[in-house]
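*Asks:* Quick check, what structure comes out for this input:
(one chain, ligands or ions: 2)
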Amino acid sequence: MTAILNTPIEYLKGVGVQRADVLKKELSIFRYADLLHYYPFRYVDRTRFYKIKELHAELPSIQFLGRIISKEILGEKRTKRLIAHVKDDTGTLELVWFQSLKWVDKNLQVGSVYILFGKPTSFNGRLSISHPEFELYNPAVKNTGNLTLQPVYNSTEKLKQFSLDTKGIQRIQANLLEIVLLAISETLPEYLLRKNQLISRKQALQHIHFPASQEALDAAQDRLKFEELFFIQLKLLKNKLVRSEKFKGAIFEKVGDKFNAFYSEKLPFDLTNAQKRVLKDIRLDTQRPVQMNRLLQGDVGSGKTVVALMCMLLAIDNGFQACLMAPTEILAQQHFQSIVSLVGDGLVQVSLLTGSTPPKSRKVIHEQLRDGSLDLLIGTHALIEDTVQFKNLGFVVIDEQHRFGVEQRAKLWRKNVVPPHILVMTATPIPRTLAMTLYGDLDVSVIDELPVGRKPIKTVHLYETQRLKMFGFMRDEIAKGRQIYIVYPLIKESEKLDLLHLEAGIEAISQEFPPPKYQISIVHGRLKPAEKDAEMKRFVKGQTQIMVATTVIEVGVNVPNASVMIIENAERFGLSQLHQLRGRVGRGAEQSYCILMSGNKLSREAKIRLETMVRTTDGFEISEIDMQLRGPGNIEGTQQSGTLDLKLANLATDQKILIKAREQVIEIFDQDPTLSSPENILLRQFLERSSEGISWNKIS
Ligand code: ADP
Ligand code: MG
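*Replies:* Ligands and ions are numbered 1, 2, ... in the order given. The predicted structure follows:
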């Protein structure tokens, strides 16, 4: 960084010790550079004059021209205010001041024309503007007013006390730019600027704060967003490159007997094309002497487990052990059962290891792992304990990626001298841009096709008033021998109320569906694990037809005969949660249904969520919409990730820029993997500066 940008903020004209203190505390602005990178969060368009008729309460601050036609001071003491009326050729509008009445009274003249600026608000159905800025209109001066886009900065109460409201920040930004502009150096190679039609960093920083026009602002934002995303990709792909040089991987030479026996004798169905494609990807990966790090995305039921199993067989055929780690005991058990039932007896030695494995069996497993007689281990976090040691671990499958911390994943792959190949599976599809950013250093495979013959789940949205219809439908389905889930929200912030709803719901259902004809399972977080288990088991065995539950069933349970998912208060669930819940049904041959129950009053976003669920079952489409609605930082599974602390770029709206940036980085590494060509010197320097922070634990 150039020296001047490193100057402590108190030395800036207009700042000083006191304000510097507040800037540090409130905005973490310590040095000139920090202020320079404190960008406006929006801009006020002062290039345009509105007509009074056009104003409404949804507009931001706007400017307009008008003649003051009346002015009076009303009220006493605390209710004292100045009310004025302003008129143009389309209408009149009320203006209100509660402060500085004397000054306003003196400067605002009835009969004169002003340029006014402020935010229209609606009070009791009447439109008005409080505390507008005003400036006498002078028709002799053509460019009257401030004909630019004005930056608006986030400020705080504390900052405002020190005159650092948005105007104040504008002032010190202007002071700063005046002295540092020449010192702003370029971070991107010249050829990249040319190729991507980007403006210089100097211009960009100037125009991000003080855009001369909308076009200038767009160009500044494009440039800075590109830079932001480009450097993230540069780091990610550099990691990937380094890792592939540093970490050798086991070569799986052959496709052997166990794989072939399974494929030709045991696999009860044809693989989908998507499954075949993923297997091919992984086959190629494991033929190279480089550790594989691959993310496998696919909706619930798309057949990821089968693919994982076949990869593990491949490892076993080549003399390695394999393991599969799941985030919960139930899931681990289910994987174990379905894998045992798929591979049958004798083909491979499989065991299950979880927190509740008794010490005796645990000991046996430990021994068999060490002497190599155990081929395949399935389990929970218990797998990463230090006591678990493999003879020759070659392939690791991690299910439900985001529930494990990065540290935990790293532990697993350190379990072998040559690190095992890693396949991370997630059933929570995430948008492509998010995957590129969060998992940009992994290879990604996608299963985007469901097995043939699967009937898409039919989804309807019913309002509270249509509840009888729902009961009728439930009776019909139960009469056909089907089972039904009813799920209630249980959210920490409103737990008491939620539990009341749940109780009332259980009561109503018990009345509508009385024993002995109907049996109901009830599962919620307040139950002891053993009770929960017993209730689940009754439903799994078909002894109960209805399972009323809170979201505990979100992960896990696979009951193919359950064909109806009813979600109560569906408006309160997020999209990805709704999608996950719906994924609990549609696992058998029967037509399955999802009923979303909601109140009559819905927010705009809730409406979009429910409409989306009714319209599509495609998890990727749903995740895109989820990101549009909530922003990338709130997508499930991404909260812990610092990668998403983007200043300007937005993964929901800047897809094109991200894809372009990534393509550029790929191209650069293709041509100059060590970045040693002179034109890439800036990039090499960037990586050298940031490499101190790279920790290999970050890589799964
Ligand atoms: P995921 O792990 O992606 O949720 P699974 O691998 O558990 O999906 O598969 C869901 C169900 O579909 C399982 O019962 C599995 O046996 C079955 N299945 C997987 N692949 C196919 C296929 N190609 N054709 C038919 N059924 C399949
Ligand atoms: Mg699965």
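*Asks:* so how many other residues sit close to T79?
*Replies:* When counting by other C-beta atoms under 10 Å, one arrives at 8 neighbours for T79. Every C-beta, even on glycine, is put in place using the N, C-alpha and C of the backbone.
*Asks:* State which strand of this structure is the longest.
*Replies:* For the chain, the strand reaching the highest residue count under DSSP state E is reported as strand 62-74.
*Asks:* Sheet-wise, list the partners of it with their directions.
*Replies:* Using DSSP bridges, strand 62-74 pairs in its sheet with strand 49-50 (parallel), strand 81-88 (antiparallel), strand 113-118 (antiparallel).
*Asks:* In that strand, which of the residues would be classed as buried?
*Replies:* Residues of strand 62-74 classed as buried: 62-68, 71 (neighbour count, 16 or more other C-beta atoms under 10 Å).
*Asks:* Would you tell me which one of the strands paired with strand 62-74 is buried the most?
*Replies:* Compared across the strands paired with strand 62-74, strand 113-118 shows the largest average neighbour count, a mean of 20 (mean count of other C-beta atoms under 10 Å).
*Asks:* Look up how far ligand 1 lies from R684.
*Replies:* The gap separating R684 from ligand 1 is 42 Å, by C-beta to the nearest ligand atom, to the nearest Å.
*Asks:* same thing with Q591?
*Replies:* Remark: distance between Q591 and ligand 1 (C-beta to the nearest ligand atom) = 16 Å.
*Asks:* now that residue, what's its secondary structure?
*Replies:* For Q591, the assignment made with DSSP: H, G, I helix; E, B strand; the rest coil gives coil.
*Asks:* tally of neighbours for the nearest residue to it once chain neighbours are set aside?
*Replies:* Spatial nearest neighbour of Q591, chain neighbours left out: K455 (5.1 Å); criterion: C-beta to C-beta, 6 or more residues apart in numbering. Number of residues near K455 (other C-beta under 10 Å) recorded here: 13.
*Asks:* Look at the residue in the stretch 451-600 of the chain that ligand 1 sits nearest to and report its pLDDT.
*Replies:* Closest contact between the stretch 451-600 of the chain and ligand 1, by C-beta to the nearest ligand atom, is at P451 (3.2 Å). For P451, the pLDDT comes out at 87.
*Asks:* My guess is V452 contacts T272. True?
*Replies:* Yes. Shown here, V452 and T272 form a contact pair, counting by C-beta atoms under 8 Å, at 7.1 Å.
*Asks:* Quick one: name the residues of this structure near ligand 1.
*Replies:* Taking C-beta under 6 Å from any ligand atom as the criterion, the neighbours of ligand 1 within the chain are 269-272, 275, 298, 300-306, 427, 451.
*Asks:* just to revisit the earlier point, which ones are touching the residue of the stretch 451-600 of the chain closest to ligand 1?
*Replies:* By C-beta atoms under 8 Å, 6 or more residues apart in numbering, the contact set of P451 is 269, 272, 301-303.
*Asks:* ok, Y263 - contacts?
*Replies:* Shown in contact with Y263 (C-beta under 8 Å, 6+ apart): M310.
*Asks:* can you offset everything so residue one is 430?
*Replies:* Happy to do that; since the first residue is 430 now, the last one works out to Y692.
*Asks:* And it, how close does it get to ligand 1?
*Replies:* Using C-beta to the nearest ligand atom, one gets 12 Å for the distance from Y692 to ligand 1.
*Asks:* where does that residue sit relative to G685, distance-wise?
*Replies:* As for Y692, its distance to G685 is 11 Å (criterion: C-beta to C-beta, to the nearest Å).
*Asks:* How about H560?
*Replies:* From H560 across to G685, the span is 78 Å (C-beta to C-beta).
*Asks:* Likewise for L956?
*Replies:* Computed as C-beta to C-beta, the L956 to G685 distance reads 46 Å.
*Asks:* do the same with I920
*Replies:* Per C-beta to C-beta, I920 is found 50 Å from G685.
*Asks:* ok, those two, which is more surrounded?
*Replies:* Summary of the neighbour comparison: I920 and G685, criterion other C-beta under 10 Å, with G685 having more neighbours (16 against 13).
*Asks:* Could you double-check that that one sits in contact with G748?
*Replies:* No. With contacts defined as C-beta under 8 Å, G685 does not count as touching G748, sitting 9.2 Å away.
*Asks:* anything in contact with each of these two?
*Replies:* Residues touching both G685 and G748 by C-beta under 8 Å, 6+ apart: none at all.
*Asks:* For whatever residue of the stretch 580-729 of the chain ends up closest to ligand 1, which non-adjacent residue is spatially closest?
*Replies:* Nearest residue of the stretch 580-729 of the chain to ligand 1, counting by C-beta to the nearest ligand atom: F698, 3.6 Å away. If the residues on either side of it in the chain are set aside, F698 comes closest to P880, at 6.7 Å by C-beta to C-beta, 6+ apart.
*Asks:* what's I768 in contact with, if anything?
*Replies:* For I768, the contacting residues are 734, 738, 753, 779, 805, 807, by C-beta under 8 Å, 6+ apart.
*Asks:* for I680, helix, strand, or coil?
*Replies:* Per three-state DSSP, the secondary structure class of I680 is coil.
*Asks:* let me fix that: V988
*Replies:* Secondary structure of V988, reduced to three states by three-state DSSP: coil.
*Asks:* Which strands or helices does the longest helix that the chain contains pack on?
*Replies:* Ordering each helix of the chain by length in residues (DSSP state H) puts helix 643-675 first. Here helix 643-675 is seen to pack against helix 630-638, helix 861-867, helix 1084-1100, helix 1110-1120 when contacts are counted using 3 or more C-beta pairs under 8 Å, 6 or more residues apart in numbering; DSSP states H and E.
*Asks:* Distance from that helix to the middle of the chain?
*Replies:* Centroid separation for helix 643-675 versus its chain: 19 Å, with C-alpha atoms, centre = their mean, to the nearest Å.
*Asks:* Show me what counts as buried in it.
*Replies:* Judged by neighbour count using 16+ other C-beta under 10 Å, the buried positions of helix 643-675 are 645-646, 648-669, 671-673.
*Asks:* one step back: look at V881 and T701 and report which has more neighbours.
*Replies:* For V881 versus T701, neighbours defined as other C-beta under 10 Å are more numerous around T701 (20 against 8).
*Asks:* wait, doesn't the more buried one sit right on E878?
*Replies:* Yes. Judged on C-beta under 8 Å, T701 makes contact with E878 at a distance of 5.0 Å.
*Asks:* what do those two both touch?
*Replies:* Among the neighbours of T701, those also in contact with E878 (C-beta under 8 Å, 6+ apart) are S731.
*Asks:* Could you list the buried residues of stretch 1077-1088?
*Replies:* 1077-1081, 1083, 1086-1087.
*Asks:* element containing the residue of the chain most remote from its centre, please.
*Replies:* Ranking residues of the chain by C-alpha distance from their mean position (C-alpha atoms, centre = their mean) puts G540 at the top, at 54.8 Å. In this assignment (DSSP states H and E), G540 forms part of neither any helix nor any strand.
*Asks:* residues touching the nearest residue to K654 once chain neighbours are set aside, list them.
*Replies:* Closest residue in space to K654, ignoring its immediate chain neighbours: A1078 at 4.1 Å, by C-beta to C-beta, 6+ apart. Taking C-beta under 8 Å, 6+ apart as the definition of contact, the neighbours of A1078 are 654, 657-658, 1086-1087.
*Asks:* can you count the residues close to the residue in the stretch 1030-1129 of the chain that ligand 1 sits nearest to?
*Replies:* Minimum separation of the stretch 1030-1129 of the chain from ligand 1 (C-beta to the nearest ligand atom) falls at G1048, amounting to 10.6 Å. When neighbours are counted by other C-beta under 10 Å, G1048 registers 25.
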